[in-house]
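In: Structure for the following, please:
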Amino acid sequence: VTLVESGGGLVQAGGSLRLSCAASGLTFSNYAMGWFRQAPGKEREFVAAINWDGGATYYTSSVKDRFTISRSNAKNTVYLQMNSLRPEDTAVYYCAADQGTAYSIRRGPRGMDYWGKGTLVTVSS
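Out: Prediction:
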């Protein structure tokens, strides 16, 4: 199983980025997907999650109304559209797959079945 994130980079505060996570080696539609992030010196934290069919999504409070998670089961890809970016959004962003539900992903990074290697997002002030 491989999860490969892309789309990270350097952006000014207030800007936008779209992250993608391409999955292979698994039946993608059997998995809920999540995005997590880890800033320097901090623990990895939950950002957003989506159910296998896109029917339910969850966000951490600090990104609600700014970030949108979506998925394409036809393309085996999950996305994270990030708008109105802030310097405090700077982190390595990871996607992860879980055979449970998006609701369970909200609990945190433990117990996820598969992880990508991450993509760096840097937001300058």
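
In: switch to C-alpha atoms for all contacts and neighbour counts from now on
Out: Noted.

In: Any chance of the backbone angles for residue 55?
Out: Dihedral angles of residue 55 (phi, psi; degrees, to the nearest 10) stand at phi -80, psi -20.

In: okay, now it: neighbour count?
Out: 9 (other C-alpha atoms under 10 Å).

In: how about the nearest residue to residue 1, chain neighbours excluded?
Out: Nearest residue to residue 1, sequence neighbours excluded (C-alpha to C-alpha, 6 or more residues apart in numbering): residue 25, at 4.3 Å.

In: Could you tell me how far the one you found is located from residue 105?
Out: Going from residue 25 to residue 105 by C-alpha to C-alpha, to the nearest Å gives 21 Å.

In: Surely residue 80 and residue 16 touch.
Out: No. With contact defined as C-alpha atoms under 8 Å, residue 80 does not reach residue 16; the gap is 10.5 Å.

In: what about these two, which has more around it?
Out: Neighbour count, other C-alpha under 10 Å: between residue 80 and residue 16, residue 80 has more, with 23 against 17.

In: looking just at contacts, which helices and strands does the helix or strand where that one lies meet?
Out: Residue 80 is located in strand 77-82, with elements delineated by DSSP states H and E. Contact partners of strand 77-82 among helices and strands, from 3 or more C-alpha pairs under 8 Å, 6 or more residues apart in numbering; DSSP states H and E: strand 17-24, strand 67-72.

In: Could I get the full set of helices for the chain?
Out: With DSSP state H, the ranges of helices along the chain come out as 102-105.

In: who does the residue nearest the centre of it bridge with?
Out: In the chain, the centroid-proximal residue (C-alpha atoms, centre = their mean) is residue 35; its distance is 2.1 Å. When bridges are called by DSSP bridges, residue 35 pairs up with residue 48, residue 95.

In: can you pull the buried residues of the strand holding residue 80?
Out: Within strand 77-82, the residues that count as buried by 16 or more other C-alpha atoms under 10 Å are 77, 78, 79, 80, 82.
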